[in-house]
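how does the following fold in three dimensions:
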Amino acid sequence: MDKDIVFIDTSVYIAENYFAPNNRINSLRDLAAKGVISIVSTVITDNEVLKHFKDDVSSAWNSLKNSKSLANFNETRALLFKDTKTQWLKKCEASFKKFKDRGNIFTIDYKYCNDVESIFEKYFKAEKPFNVGKKKNEFPDAFVLQTLEHYCKENSLKPIIVLSKDKDLKDYKSDYIIYKDYCDYVTEKLTETDLLEKIRTTIHEKEYQFCNEIKDQLENELYDDRNYYGLFNSEDSPEVEIVECKVEMNDGFSIISKEDNKFIIELKFKSYCEVKCTYFNLDYATYDREDNRWYGGELETDSLSGEENFRMIVSYDNETCTLNMESFKLSDALPNFRCRFEY
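Model (predicted):
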């Protein structure tokens, strides 16, 4: 499936209390870690988030430090006197880095926000993201939006989804940016993810069956003489021994279409087949017309092997959680020995 490219505005980090357990920021990170979405950030945003995070922690630490009554309890004494404020600020940096690493978040650098003239034109015209009365406070947002637009355009990406708590961004007009309320988006994606997990589980449960059914069909097909016709200089078909035949399903799947409760899904497989062909080699033989037979031939055995990537189309019924094969070509799974045979 075509993944959403998502940008998380600083306002969302602040509203969700940064990286506190079981919040929407961590849900977005987990979605990215699972490959459901891709998250991008900017250098400006990274610095802005980290500054707000450190300022909030520093303010909270100062308040606690000035609350003498909290020194009465062992738990708070350990919190107040074990680590310095500097150490807590380093923990902020570590938390942010861990979040970015686990979510495979890509940060866009400054080179994509180089059009200062257009930013100031919007500033003086009070165009979004600038607002009357607080225009100067929106400069970081303006440069961030420009960075996202230029990055999206220059890399020919689908529009970037901007998740924000700032409703003013909803009115920002761009071909490269789509505003979405972050609460609604997380709800939507987690619901989708729950369905995807159901489909993934069902596919996993059917994987062994699918692979074995294909393997059985392949083994029968490998004994078909037509697969070896013309490969060997022999009058007779070779005697075939299957050395190995295996079929594996690749990770992941792709939803092609949806109608009501039925999903059409593409699964990808890989097959590997290896056979030994024993035949009467006539390369150095001579044919006697009177006797109507060959003389000087030798019995030889050659090994043939090959692998193929192929697909299967299945349907998934969301009401019954059942998976059924819709279409599959055995010929796509059978290695073409003719192309791989070394004469």
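
quick one: low-confidence residue ranges for this structure.
Residues of the chain meeting the criterion pLDDT under 70: 1, 78, 114-139, 288, 291-292, 296, 339-343.

in it, which helix has the most residues?
helix 182-222 (DSSP state H).

from the chain's centroid, how far away is that one?
Helix 182-222 sits 15 Å away from the centroid of its parent chain (C-alpha atoms, centre = their mean, to the nearest Å).

likewise for stretch 231-240?
46 Å.

what sits up against it?
In this structure, residues lying in contact with stretch 231-240 by C-beta atoms under 8 Å, 6 or more residues apart in numbering are 222-223, 225, 228-229, 275-283, 294, 302, 304, 337-338, 341. C-beta here means a position set from N, CA and C on the backbone, and glycine is covered the same way.

only whichever of these are buried, select them in ChimeraX.
To isolate the buried ones among these in ChimeraX, judged by 16 or more other C-beta atoms under 10 Å, type:
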select :222,228,275,277,279,280,281,282,302,304,337
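
which of the contacts of stretch 231-240 fall within helices?
Per DSSP H, helices hold the following members of these: 222, 337-338.

hang on, the earlier thing: counting by contacts, list what the longest helix of the chain packs against.
Packing partners of helix 182-222 (3 or more C-beta pairs under 8 Å, 6 or more residues apart in numbering; DSSP states H and E): strand 4-8, helix 24-33, strand 160-164, strand 239-249, strand 262-281, strand 298-317, strand 322-327, helix 330-333.

could the ones you listed go into CSV alongside distance to C152?
Listed next are the helices and strands packed on helix 182-222 as CSV, based on distance: least, C-beta to C-beta, whole Å:
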stretch, distance to C152
strand 4-8, 8
helix 24-33, 18
strand 160-164, 5
strand 239-249, 34
strand 262-281, 27
strand 298-317, 31
strand 322-327, 36
helix 330-333, 37
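
E93 is nearest to which of those?
Closest approach to E93 among the helices and strands packed on helix 182-222 is made by helix 24-33 (16.2 Å; C-beta to C-beta).

can I get that closest one in PDB, CA atoms only?
Extracted C-alpha coordinates of helix 24-33, given in PDB (Å, rounded to 0.1, in the frame of the first residue of the first chain):
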ATOM      1  CA  ARG A  24      -0.700   9.800  20.400                       C
ATOM      2  CA  ILE A  25       3.000  10.700  19.700                       C
ATOM      3  CA  ASN A  26       4.000   7.200  20.700                       C
ATOM      4  CA  SER A  27       1.200   5.800  18.600                       C
ATOM      5  CA  LEU A  28       2.400   7.600  15.600                       C
ATOM      6  CA  ARG A  29       5.900   6.400  16.300                       C
ATOM      7  CA  ASP A  30       4.700   2.800  16.500                       C
ATOM      8  CA  LEU A  31       2.800   3.200  13.200                       C
ATOM      9  CA  ALA A  32       6.000   4.400  11.500                       C
ATOM     10  CA  ALA A  33       8.000   1.600  13.100                       C
END
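
could you give the angle of it to strand 4-8?
Counting by axes from the mean of the first three to the mean of the last three C-alpha atoms, to 10 degrees, helix 24-33 lies at 150 degrees to strand 4-8.

what residue spans form the domains of this structure?
Domains of the chain are assigned by automatic domain parsing as 4-175, 195-340.

please name whichever of those domains is nearest to Y182.
Here domain 4-175 is closest among these (C-beta to C-beta), at 3.8 Å.

end to end on that closest one, go ahead and measure it.
15 Å (C-alpha to C-alpha, to the nearest Å).

what does stretch 15-35 give?
Terminal residues of stretch 15-35 are spaced 25 Å apart (C-alpha to C-alpha).

and if you look at stretch 17-28?
Start and end residues of stretch 17-28 are separated by 14 Å (C-alpha to C-alpha).

so how far is that stretch off the chain centroid?
Per C-alpha atoms, centre = their mean, the displacement of stretch 17-28 from the mean C-alpha position of its chain is 21 Å.

hmm, who's touching that stretch?
Here stretch 17-28 makes contact (C-beta under 8 Å, 6+ apart) with 6, 8, 12-13, 16, 37, 39, 49, 53, 56, 95-96, 98-99, 103, 163, 182-183, 186, 190.

in stretch 8-18, what's buried?
For stretch 8-18, the neighbour count (16+ other C-beta under 10 Å) marks 8-13, 15-16, 18 as buried.

all strands of the stretch 1-150 of the chain, in order?
Applying DSSP state E, counting those that start in this stretch to the stretch 1-150 of the chain gives strands spanning 4-8, 37-42, 106-108.

make CSV from those strands and add distance to K262 to it.
Below are those laid out as CSV (distance: least, C-beta to C-beta, whole Å):
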stretch, distance to K262
strand 4-8, 23
strand 37-42, 25
strand 106-108, 35
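
between these, which one is closest to M249.
Of all the strands of the stretch 1-150 of the chain, strand 37-42 sits nearest to M249, with 24.0 Å by C-beta to C-beta.

tally of neighbours for A32?
Number of residues near A32 (other C-beta atoms under 10 Å) recorded here: 22.

what secondary structure does K173 sit in?
coil (DSSP: H, G, I helix; E, B strand; the rest coil).

the longest helix of the chain vs helix 24-33, what angle?
20 degrees.

just the angle between helix 182-222 and strand 322-327, please?
Using the same axes, to 10 degrees, helix 182-222 lies at 50 degrees relative to strand 322-327.

mind listing the helices for the stretch 51-200 of the chain?
Using DSSP state H, counting those that start in this stretch, the helices of the stretch 51-200 of the chain run over 74-81, 85-102, 116-125, 139-154, 182-222.
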